[in-house]
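[1] just need the structure, nothing else, for what follows:
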Amino acid sequence: MKWNIPNQLTVGRVFLSIAFFVLLGCYMPGSAAGPWLLNAAFIIFVLAGITDFLDGYLARKLNQTSTFGRIVDPFVDKVLVVGAFAMLAGSNFAIQGGTTDEQLPAWLTGGMATAVQAWMVVAVLAREFVVSAIRGYSESQGISFPATYSGKIKMIVQLVAIGTVLFQLANVAQPLWAVWLKVILVWLSVAVTVLSGLTYVHKAADLLKGDLA
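    Below is the predicted model:
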């Protein structure tokens, strides 16, 4: 591995992800440390997002692209996002009595203060599996399969949704508008994730048809 700045940022994001997961795992609703833990997780998540932008930008700007970066960078992105969805669907984020979240229909929140439900985690994870399988097969045939605009939009919407959930729970938990904003962004992120996966499947259809012909 070339120990250049882009790769250092990628490795740094691995440790940021670990710290992020630890903070979310330690969160308990109603505890005095709860808002502090969520705000710390929010800050770390934002820093991870910044390093994700910077490592790619610097790799291109400084002409320091590497095999390590091409493999590890998207892997860390997937771990961070899928892991965040999984942690936010944990039992420690279940809706507590006397909160504004109780006013929303149960099917919208799934009983979760984060509005992230177990089936959403499955949908996000399945999309990543499908896209990784398609890309791996395509490249094994010597055919480039670069990221699409839908994939980039998906990543941005996911990051905004996760960041909004953390900030809302820590700082503006009670206003109804804030709860609705959180729910809308979570559902939007899942919808965009599924649609971007279908875009990749459609893009790979011609490749698969050619192999089966």
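
[2] in stretch 51-58, what counts as buried?
    51, 52, 54, 55, 56, 58 (16 or more other Cβ atoms under 10 Å). C-beta here means a position set from N, CA and C on the backbone, and glycine is covered the same way.

[3] ok, now stretch 185-195?
    185, 186, 187, 189, 190, 192, 193, 194.

[4] quick check: phi and psi on the fourth one?
    The main-chain torsion angles of residue 189 are listed as degrees, to the nearest 10 and equal phi -60, psi -40.

[5] mean confidence score for stretch 106-122?
    In this model, stretch 106-122 has an average pLDDT of 96.

[6] try stretch 72-87
    On average, stretch 72-87 scores 92.

[7] what's it in contact with?
    Stretch 72-87 is contacted from outside by 7, 10-11, 13-14, 17, 20-21, 24-25, 45, 48, 52, 55-56, 116, 120-121, 124-125, 128, 132, 155, 158-159, 162, using Cβ atoms under 8 Å, 6 or more residues apart in numbering.

[8] mark which of the residues you listed are buried, thanks.
    7, 10-11, 13, 17, 20-21, 24, 45, 48, 52, 55-56, 116, 120-121, 124-125, 128, 155, 158-159, 162.

[9] how close does the most centrally placed residue in the chain get to residue 4?
    Taking Cα atoms, centre = their mean as the criterion, residue 81 is the residue nearest the geometric centre of the chain, at 2.3 Å. Residue 81 sits 25 Å away from residue 4, going by Cβ to Cβ, to the nearest Å.

[10] repeat for residue 44
    For residue 44 relative to residue 4 (Cβ to Cβ), the value is 23 Å.

[11] how about residue 52?
    Taken as Cβ to Cβ, the span from residue 52 to residue 4 is 16 Å.

[12] cool, and residue 159?
    From residue 159 to residue 4 the distance is 25 Å (Cβ to Cβ).

[13] how about residue 37?
    According to Cβ to Cβ, residue 37 and residue 4 sit 34 Å apart.

[14] now do residue 76
    For residue 76 relative to residue 4 (Cβ to Cβ), the value is 16 Å.

[15] the more surrounded of those two?
    Remark: of residue 76 and residue 4, residue 76 carries more neighbours, 21 against 17, as counted by other Cβ atoms under 10 Å.
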